[in-house]
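[1] What follows is a predicted structure for the sequence shown.
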Amino acid sequence: KQHYYWYLLITSPAAQNDQTAFQLPAPFTMTMSNDNNTMMNMISSDGREFEVPVEVAMLCKTFANIMEENDEDITENDLICQRVSGDILEKVIDFCTHHVTIEPMVEIRTPFKSDTSTLEEIVTQEWYCKFCENITREETFQLIKAANFLDIQPLLALSVLAMCVEINNKSVKDLQSIFKITPPAKEQGVSS
């Protein structure tokens, strides 16, 4: 059984002087600031288990809607994420843990200025920009699906925005390639 606790150390003296402190964190034990010790097991489609504080699991509205309001009343601690692979669930938990324990993501406001072309121009929080920079296009697709399934609106908004920024001003041929769309066959004239 694998247990991951994610936490970004930005308060340590080393992190405050280190420009790389905002990279995605490595797994290690985390201490929550409150006295609640209730932990939930988020289980991926490939059987990987991630133990997270209940506050992190509650960011997933799919689970928040079925969980007890009082943490002490929780009797079932396994949350099955049947449509999410372990690698993607790990990234989801990175996001949720940062959002809950460090810094909530500021709402993405629309409409954007017409000359906006980069994610950094829209998302002003460095950690969230770095999060998007460190994921591949395929992972972005998978994060969109996971955030939609788990009903994590901030992650869904960020992932969709990252994809939109990536495809902005692409040619039709590039978009067909990105989305694996077969171009329509050219109609051939019918001879009589």
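    Sure thing, it's come through.

[2] drop to CA atoms for contacts and neighbour counts, all remaining ones
    Will do.

[3] how close does Leu143 sit to Asn168?
    19 Å (Cα to Cα, to the nearest Å).

[4] When the two are compared, which one has more neighbours?
    Leu143 (23 against 11; other Cα atoms under 10 Å).

[5] Helices of this protein, start to end?
    Per DSSP state H, the chain carries helices over the ranges 13-17, 54-57, 61-64, 86-101, 119-122, 126-133, 137-150, 153-167, 172-178.

[6] want to try a markdown table for those helices, with mean pLDDT as columns?
    A markdown table is the format used below for those (pLDDT from 0 to 100):
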| stretch | mean pLDDT |
| --- | --- |
| helix 13-17 | 36 |
| helix 54-57 | 90 |
| helix 61-64 | 84 |
| helix 86-101 | 96 |
| helix 119-122 | 91 |
| helix 126-133 | 96 |
| helix 137-150 | 96 |
| helix 153-167 | 94 |
| helix 172-178 | 91 |
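
[7] Out of these, which is closest to Asn41?
    Nearest to Asn41, of all the helices of the chain, is helix 54-57, at 8.7 Å by Cα to Cα.

[8] measure the closest residue to Thr97 other than its chain neighbours to Ile181 for me?
    Nearest residue to Thr97, sequence neighbours excluded (Cα to Cα, 6 or more residues apart in numbering): Val56, at 5.6 Å. To Ile181, Val56 is 37 Å away according to Cα to Cα.

[9] I appreciate the help and will end here.
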